[in-house]
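Visitor: task: produce atomic coordinates for the following.
(2 chains)
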Amino acid sequence: MIEIEPLLHKVQKAARYTGGELNSVMKEAAQVTTRFAFCFPDVYEIGMSHLGMKILYHLLNEREDTWVERVFAPWEDMETEMRQADVPLFALESRDPISAFDFIGFTLQYEMSYSNILNMLELADIPLRSAERKEGMPFVCAGGPCAFNPEPLADFIDFFLLGEGEEIWPEVLDIFAQWKASKAPRQAFLEQIAGVQGIYIPAFYDVQWDEQGNFAGLTPNRSDVPDLVQKRIIRDLDRVYFPDKLVVPYMEIVHDRVMLEVFRGCIRGCRFCQAGMIYRPVREKDSATLCNYAEKLIAATGYDEISLASLSTSDYTQLPTLMEGLLSFSEKERVSLSLPSLRIDNFSLDLMEKVQKVRKSGLTFAPEAGTQRLRDVINKGITEEDLMRGARLAFEGGWSHIKLYFMIGLPTETEEDILGIADLAQKVVDTFYTVDKSKRAKFVNVTVSVSSFVPKAFTPFQWEAQDTIKRLKEKQKLLKEAIHSRHITYNYHESYVSHLEGVFARGDRKLCRVLEEAHKLGCKYDGWDEFFVYGRWMEAFEKAGVDPMWYTARKRSFEEALPWAHIDCGVVAAFLRRECERAYAEKVTPNCREVCSGCGAQRLDCIEWRKKQ
Amino acid sequence: MKYIYTFSKNQRVQYVSHLDTLRVFERAMRRAKLPASYSQGFHPHPLITFAQPLGVGISSKSELVEIVFERPLCAEEQKRFSSSMPGGFGLLKYCENEKKSPFAALEWAVYEICIATPISKKLLDDFMKQEEILMLKRSKKGEKQVNIRPMIQSLELVPWENATVLKAVLKAGQPSLKPELLLQALEQNMAGGELALQSICRTALLDGKGHPVV
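Guide: Okay, the predicted model is just below:
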């Protein structure tokens, strides 16, 4: 245990570092075989809001032989104090340095957290590169959505876990316990798990580079590892472990409530959306199972709010039954319900009336594009009529603030599509004034929030060029000048971060060098405006001799070797290509419940597919 | 039914802010399934009132909170409440309170300040002999010069192992004096010295006559 009290007196929000929260798990270090540092490469308030971490933390701590502890990136003030006092990165529960742990596991939620991973390894006093780690040092591993394109981190991570952790980890921990008892060398453990489905060990694969030094392919350098690493999924979500308690932080975190995961995967197939592809197939939990968990979790945490978690709440087939069940106990317990990602129709507005008894805060719609043509290109199955009907219903119900999410820089986008965003926002404002005065609120505000499209691996747009920063700026300006109403608020993000995100989202192993240089130059917390320095990153690219534009500005051919082609996320390249071609033909693809489009995830056992057989 | 609870906050939770402490109570009450009374209005919240906010980084053996319930609690429920508090917080005792809140009588708070730097008795005596000790006091409205001397009732050195423990009785209620500001003032009176603070613990809340408020 490290003495950290003297540091805590000097930093802001010291409750980030103290541990000891309700339901956090304490064990005797000497009594366990395996010590696991679950690392979230961002600050406590963000990391503690992450549902996946909560599930794995409690699941793996059920094992008597394993103690999982939490580790977050220290904020800048704490990092300074730690470096000054020579205090290494420690786990919240035991306050032991994590360099003595067996596993250092990072969850990869967004590319802009990669610099924090290197910084955390350095703070932990663990060699950054896998090749430099010696016998007795921890194994550094990573999972989560960004692990589906693992190459930009390949030199730093001993093994990646693809797919759902609840399915893979118990197997890996069993093998680890045996390996540890056998006192075999470090390499032997990696060899033993190389055969486990969902495990990718970068050191067992070599990259081929062409004469120009560009990525040309990736193949195993030994015979006992698969050419194609397939992800793992939980087949029956009703029988899979879900914690009946959660760690309750002392300080306020971003999502400070009970999160109920209602289903995984998504039936929609929006062509820009990586989550909609990599989490397939769709698997639901039964509403009775969920109600049971909700009551238990409220009793174990004392939270006053439950939020449903999924990629699209309205697509949950048992939503009416679930809401009935939840409302029956939430009212008497004074627990409020929140329903993110709802499509706006009569049913959902009625629901919102029920759950938000008092305050009518904002409603959010995500048309994503300004014209029907472009919405068809991206397969966002929402029409202008849908939107106006939803807006009208909302205004009639007394809502006054509507937020609209859009993306710019989408494939095939023209000026007309950009101006269409301004048009659409204006039409929503106009709709407000057609609503009877006795029903509508006193004022209306429409917020237009615009982000920049980043092409991602395993989407139909994985071959697309990304708009340059200059082009995105022009588009942002064009839109700004097209918005005139004082009822419309226009928000957009600087496109520098999107550019960098784009590089890493489709990057290859060469980027490890860039990341290392960026880390040396002090890059960290790149997802935070106050820390992100674009110039420093460009310097890192230069030092590493890597051209960032090669990853973003080029349209790739369907034949080009992709750095993530050795990963099988369920959805296959042939489907993605078909979807890309349909995008250019402006053809909408029906959702999974209407027609099975044969995305490939049915090979992993898909209920929607089975129903149709 | 109103109850006043005396509770402690140990060093592990001394960084839990005042607002977060309020949430700690709300959640413990829900876990214990107690019949909390709620305020009226658009955002009903449980009726929980603290005698005096405790600064971040300060532990305590004597915090006071008044909580309103819909009905009297039985001994079993009180026990449940106590065992529902998270680690680091302890409900020490409780009493019913039918009358108006005794918190208005709060005048002084006692702090035990543990410092690694030795302090002489003479320094304290000289310090207390001053008629005026002007310090910059920060508030929401900005900074202003305040004479903090009348806000210090007494300072006393308590021998304790190899550290210096300073027992300070400081003004509480409105306005109040934070122990950190006292330490700053002491530092200014020491020739170039900096006090190596180890910990601060609030040990009592007193009325004008020096009796415990509850």
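
Visitor: only C-alpha atoms for contact and neighbour calcs from this point on.
Guide: Fine.

Visitor: break the chain down into its domains, please.
Guide: Picking chain A for this. As assigned by automatic domain parsing, chain A contains the domains A:5-226, A:257-358+A:567-613.

Visitor: wait, chain B was what I had in mind.
Guide: B:2-99, B:105-207.

Visitor: which intervals of the chain have sub-threshold pLDDT?
Guide: No chain in the question, so chain A it is. Across chain A, the ranges flagged by pLDDT under 70 are A:344-346, A:356-361.

Visitor: ah, no, chain B please
Guide: B:192.

Visitor: taking it, what residue is nearest to chain A?
Guide: Nearest residue of chain B to chain A (Cα to the nearest Cα) works out as residue B:27 at 4.1 Å.

Visitor: residue contacts, that residue?
Guide: Counting by Cα atoms under 8 Å, 6 or more residues apart in numbering or on different chains, residue B:27 touches A:301-304.

Visitor: residue A:224 now?
Guide: By Cα under 8 Å, 6+ apart, the contact set of residue A:224 is A:194-195.

Visitor: can you tell me how far it is from residue A:205?
Guide: Separation of residue A:224 from residue A:205 (Cα to Cα, to the nearest Å): 11 Å.

Visitor: up against chain A, what does chain B have?
Guide: B:12-13, B:15-17, B:20-21, B:24, B:26-32, B:42-43, B:57, B:86-87, B:198 (Cα under 8 Å from any Cα of the partner chain).

Visitor: give me that answer again for 10 Å
Guide: B:11-17, B:19-21, B:23-33, B:35, B:38, B:41-45, B:56-58, B:84-88, B:196-199 (Cα under 10 Å from any Cα of the partner chain).

Visitor: residue A:155: which of the contacts of residue B:27 is nearest?
Guide: Taking Cα to Cα as the measure, residue A:155 sits nearest to residue A:301 out of the contacts of residue B:27, at 40.2 Å.

Visitor: my read: the closest one touches residue A:244, true?
Guide: Yes - in this structure, residue A:301 is within contact of residue A:244 by Cα atoms under 10 Å, at 9.4 Å.

Visitor: those two - which one has more neighbours?
Guide: Remark: of residue A:301 and residue A:244, residue A:301 carries more neighbours, 23 against 17, as counted by other Cα atoms under 10 Å in any protein chain shown.

Visitor: which residues touch that one?
Guide: A:22-23, A:244-249, A:257-258, B:27-28, B:30-31, B:84 (Cα atoms under 10 Å, 6 or more residues apart in numbering or on different chains).

Visitor: what's the spacing between the residue minimising distance to the centre of chain B and residue A:348?
Guide: Against the mean C-alpha coordinate of chain B, by Cα atoms, centre = their mean, the closest residue is residue B:54 at 4.2 Å. Separation of residue B:54 from residue A:348 (Cα to Cα): 44 Å.

Visitor: swap in residue A:401?
Guide: In terms of Cα to Cα, residue A:401 sits 17 Å off from residue A:348.

Visitor: equivalent analysis for residue B:122, please.
Guide: 73 Å.

Visitor: between these two, which is the more surrounded one?
Guide: More neighbours surround residue A:348 than the other of residue B:122 and residue A:348, with 18 against 9 (other Cα under 10 Å).

Visitor: can you list phi and psi of the more buried one for me?
Guide: Residue A:348 adopts backbone torsions of phi -70, psi -30, taken as degrees, to the nearest 10.

Visitor: right, and it touches residue A:338 too?
Guide: No - using Cα under 10 Å, residue A:348 is not in contact with residue A:338; the gap is 11.7 Å.

Visitor: what comes up buried for stretch A:115-135?
Guide: By 16 or more other Cα atoms under 10 Å in any protein chain shown, the buried positions in stretch A:115-135 come out as A:115-121, A:123-130, A:133.

Visitor: re the thing from before, deepest of the domains of chain B, which one?
Guide: Neighbour counts (mean count of other Cα atoms under 10 Å in any protein chain shown) averaged over each of the domains of chain B peak at domain B:2-99, with a mean of 18.

Visitor: give the contact list for residue 128.
Guide: Just going to use chain A. Contacts of residue A:128 were listed using Cα under 10 Å, 6+ apart, and they are A:117-122, A:140, A:155-157, A:516.

Visitor: oops, I was thinking of chain B
Guide: Residue B:128 touches B:122, B:149-150, B:152-155, counting by Cα under 10 Å, 6+ apart.

Visitor: how far is the helix or strand it falls within from where the chain is centred?
Guide: Assigned by DSSP states H and E, residue B:128 falls within helix B:121-129. Taking Cα atoms, centre = their mean, to the nearest Å, the mean C-alpha location of helix B:121-129 is offset from the chain mean by 25 Å.

Visitor: quick one, phi psi at residue A:387?
Guide: phi -60, psi -50.

Visitor: do a quick rundown of the strands in the stretch 101-250 of chain A.
Guide: Per DSSP state E, counting those that start in this stretch, the stretch 101-250 of chain A carries strands over the ranges A:103-107, A:139-143, A:159-161, A:199-200, A:205-209, A:215-220, A:229-230.

Visitor: residues in contact with residue 143?
Guide: In the absence of a named chain, this looks at chain A. Residue A:143 sits next to A:105-109, A:150, A:159-165, A:198-199 when contact means Cα under 10 Å, 6+ apart.

Visitor: meant chain B, my bad for not saying
Guide: B:135-137.

Visitor: ok but residue A:395 is inside a helix, no?
Guide: Yes - applying DSSP: H, G, I helix; E, B strand; the rest coil, one finds residue A:395 inside a helix.

Visitor: what is the burial count for the closest residue to it other than its chain neighbours?
Guide: For residue A:395, ignoring the flanking residues on the chain, the nearest one in space by Cα to Cα, 6 or more residues apart in numbering or on different chains is residue A:440 at 5.5 Å. The local packing of residue A:440 (other Cα under 10 Å) involves 20 other residues.

Visitor: thinking residue A:440 is in contact with residue A:400, fair?
Guide: Yes - contact between residue A:440 and residue A:400 holds when scored by Cα under 10 Å: they sit 7.7 Å apart.

Visitor: overlap in contacts, these two.
Guide: A:394, A:432.

Visitor: output the contacts of residue B:128 in CSV, with secondary structure and distance to residue A:588 appended to each entry.
Guide: As requested, the contacts of residue B:128 are exported to CSV (DSSP: H, G, I helix; E, B strand; the rest coil; distance: Cα to Cα, whole Å):
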residue, secondary structure, distance to residue A:588
B:122, helix, 85
B:149, helix, 77
B:150, helix, 77
B:152, strand, 75
B:153, strand, 78
B:154, strand, 79
B:155, strand, 78
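
Visitor: please produce CSV containing those residues, extended by distance to residue A:384.
Guide: Below are the contacts of residue B:128 laid out as CSV (distance: Cα to Cα, whole Å):
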residue, distance to residue A:384
B:122, 81
B:149, 70
B:150, 69
B:152, 69
B:153, 71
B:154, 73
B:155, 73
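
Visitor: I'd guess the residue nearest to residue A:395 is in a helix, am I close?
Guide: No - counting by three-state DSSP, residue A:440 is not part of a helix but coil.

Visitor: and it, what does it touch?
Guide: Residue A:440 makes contact with A:392, A:394-400, A:432-434, according to Cα under 10 Å, 6+ apart.

Visitor: how about the helices in the stretch 451-600 of chain A?
Guide: A:469-482, A:495-505, A:511-520, A:534-544, A:549-552, A:573-584 (DSSP state H, counting those that start in this stretch).

Visitor: quick check: which of those has the most neighbours on average?
Guide: The highest average neighbour count among the helices of the stretch 451-600 of chain A, using mean count of other Cα under 10 Å, belongs to helix A:495-505 at a mean of 23.

Visitor: helix A:534-544 and that helix, what's the angle between them?
Guide: 30 degrees (axes from the mean of the first three to the mean of the last three Cα atoms, to 10 degrees).

Visitor: starting at the chain centroid, how far to helix A:495-505?
Guide: Helix A:495-505 sits 15 Å away from the centroid of its parent chain (Cα atoms, centre = their mean).

Visitor: what of stretch B:119-135?
Guide: That offset, for stretch B:119-135, works out to 24 Å (Cα atoms, centre = their mean).
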